[in-house]
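# take a look and give me a structure for this.
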Amino acid sequence: MIISGLLLGTVLGFVFQRGRFCVTGAFRDLFTTRSTRWFTAFMVIVAVQSIGVFALDAVGVIELGGGTFPWLGTIIGGFIFGFAIVLAGGCATGTYYRAGEGLVGSWLALIFYILGAAAFRFGPLAGTTDSIRSIEISNGNLYETIGVTPWILVILLVAAVAVAALRHLNRERQVHKMSLPATKTGLAHVLTERAWHPFMTAVIIGVIATLAWPLSWATGRESGLGITGPSANIGVFLGTGDMALVDWGMMLVLGLLIGSFIAAKASGEFKIRVPDATTTVRSITGGAMMGWGAAWAGGCTIGNAMVNTATFGFQGWTALLFMVLGTGAATRIFITNHKRQGAGPKPVLSTVS
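Residues are numbered from 1 along each chain as shown. As a prediction, this is how the structure comes out:
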């Protein structure tokens, strides 16, 4: 039943908001502070999900493999998307959960992301997407291409991510951390007040991403988490009223808004915040470019960089690389250059997590 998408999306939105999990920040930190802590957390999600999806494939719950690699669209679209998320102040999920917190800039970015994705997937610009994604390579994933069991790649990925995570954890043990006194106890403290460690948040998201596969599969939607396609469907549905577009994926993204709103209200973080003129323009531009880039790349930081990477698809890993490069380029233009000029970086959102 598609209602499982709404429920899972609500949980996912809650976790993203309470964990303050920002993929844009994870990519941006690689260039601003040279920190890999949040990027390592992102890769924890990929590793956890990789174990889960190949286990599900092994027992016959889902079926992986096959597919093609539209390399040109993935490269160009991935770079555009990575550039856009700096302008918009968040990737697709970051925009959804910040919209649930009351950030008007994220509302604008979300609206234009939906419109951009719809235009490039189903609207007047769909022809450009079809053309660029028709340039492809027949082999879609790494393990089938090199002729090995995917479990070898899973083991290598998990080992590499575990080493990186343990290195960060060892460093953190040497640092004394200050925290505000708790005002709540028990589960209420954990869910609404206590700061969540990024690695703990990542493990939870990885489990949720794994659960998405069989739940989505059961409704006839043969994939895991995805944001761009369902967002484009929302845009078309609002214009046509076509009930055939209301599926598990659409319920998932609507759940993201609900879950993040619940989390923000429960933790006292919900507040309507109106951006200045510069942020407004960037949010609109970034949102539209996100829809464009994700359409050409075949997915966003979730469908491509988090999900397709877990199945060792060439599209996912290539998109991840060029999204990071796009983020780096935008960071240099809009953040690093301002610092060098002696002016603080102009915020992309009215508040920064």
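
# helix or strand right after the strand or helix carrying M200?
Using DSSP states H and E, M200 falls within helix 198-217. Using DSSP H and E, the helix or strand that directly follows helix 198-217 along the chain is helix 228-240.

# right, and the helix or strand after that next one?
helix 248-266.

# report all helices and strands that the helix holding M200 contacts.
Secondary-structure packing of helix 198-217 (3 or more C-beta pairs under 8 Å, 6 or more residues apart in numbering; DSSP states H and E): helix 3-18, helix 37-58, helix 150-173, helix 248-266. C-beta coordinates here come from the backbone N, C-alpha and C atoms, glycine included.

# mind doing that once more with 6 Å?
helix 3-18, helix 37-58 (3 or more C-beta pairs under 6 Å, 6 or more residues apart in numbering; DSSP states H and E).

# and the next element down the chain from the longest one?
Once the chain leaves helix 37-58, the next helix or strand it forms, by DSSP H and E, is helix 71-88.

# that older thread, just put the helices and strands packed on helix 198-217 in TSV and tack on distance to M290.
Output for those, formatted as TSV (distance: least, C-beta to C-beta, whole Å):
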stretch	distance to M290
helix 3-18	17
helix 37-58	18
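
# out of those helices, flag the one nearest I284.
Closest approach to I284 among those is made by helix 3-18 (22.7 Å; C-beta to C-beta).

# neighbouring contacts of the next helix or strand after the closest one?
Proceeding N to C from helix 3-18, the next assigned helix or strand is helix 23-32, under DSSP H and E. Residues from elsewhere that reach helix 23-32 (C-beta atoms under 6 Å, 6 or more residues apart in numbering): 35, 38-39, 42, 85, 90-91, 94, 301, 324, 327-328, 331.

# next one: stretch 113-124
125, 129, 228, 231-232, 234-236, 287-288, 290-292, 295.

# okay, buried residues for it please.
Y113, I114, L115, G116, A117, A118, A119, F120, R121, F122, G123 (16 or more other C-beta atoms under 10 Å).

# pull that stretch out as PDB, backbone CA atoms only.
Coordinates of the C-alpha atoms in stretch 113-124 are reproduced here as PDB (Å, rounded to 0.1, in the frame of the first residue of the first chain):
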ATOM      1  CA  TYR A 113      12.700  22.400  -7.800                       C
ATOM      2  CA  ILE A 114       9.300  20.800  -8.400                       C
ATOM      3  CA  LEU A 115       8.600  23.000 -11.400                       C
ATOM      4  CA  GLY A 116      12.100  22.500 -12.800                       C
ATOM      5  CA  ALA A 117      11.900  18.700 -12.400                       C
ATOM      6  CA  ALA A 118       8.500  18.600 -14.000                       C
ATOM      7  CA  ALA A 119       9.500  20.800 -16.900                       C
ATOM      8  CA  PHE A 120      12.600  18.700 -17.700                       C
ATOM      9  CA  ARG A 121      10.900  15.300 -17.200                       C
ATOM     10  CA  PHE A 122       7.500  15.800 -18.600                       C
ATOM     11  CA  GLY A 123       7.100  19.400 -19.800                       C
ATOM     12  CA  PRO A 124       8.400  21.500 -22.700                       C
END
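
# roughly how far out does that stretch sit from the chain middle?
Stretch 113-124 sits 18 Å away from the centroid of its parent chain (C-alpha atoms, centre = their mean, to the nearest Å).

# same thing with stretch 37-50?
With C-alpha atoms, centre = their mean, you get 12 Å for stretch 37-50.

# let's have the contacts of stretch 113-124 in a markdown table, adding pLDDT and neighbour count.
Below are these laid out as a markdown table (pLDDT from 0 to 100; neighbours: other C-beta atoms under 10 Å):
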| residue | pLDDT | neighbour count |
| --- | --- | --- |
| L125 | 97 | 17 |
| T129 | 97 | 23 |
| T228 | 95 | 31 |
| S231 | 96 | 27 |
| A232 | 96 | 28 |
| I234 | 96 | 21 |
| G235 | 95 | 22 |
| V236 | 96 | 18 |
| G287 | 96 | 31 |
| A288 | 97 | 23 |
| M290 | 97 | 34 |
| G291 | 97 | 31 |
| W292 | 97 | 23 |
| A295 | 97 | 31 |
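
# just curious, which of these is nearest to G186?
Looking across the contacts of stretch 113-124 and measuring by C-beta to C-beta, the closest to G186 is S231, at 36.7 Å.

# and for the nearest residue to F39 once chain neighbours are set aside, the neighbour number?
Closest residue to F39 apart from its sequence neighbours, by C-beta to C-beta, 6 or more residues apart in numbering: A26 at 4.7 Å. Neighbour count of A26, defined by other C-beta atoms under 10 Å: 24.

# and L110, what does it touch?
Applying C-beta under 6 Å, 6+ apart, the residues near L110 are T95, A99.

# now it: which helix or strand?
Using DSSP H and E, L110 falls in helix 104-121.

# and the angle for that helix with helix 248-266?
Orientation of helix 104-121 against helix 248-266 (axes from the mean of the first three to the mean of the last three C-alpha atoms, to 10 degrees) gives an angle of 170 degrees.

# since that was my last question, I'll sign off now.
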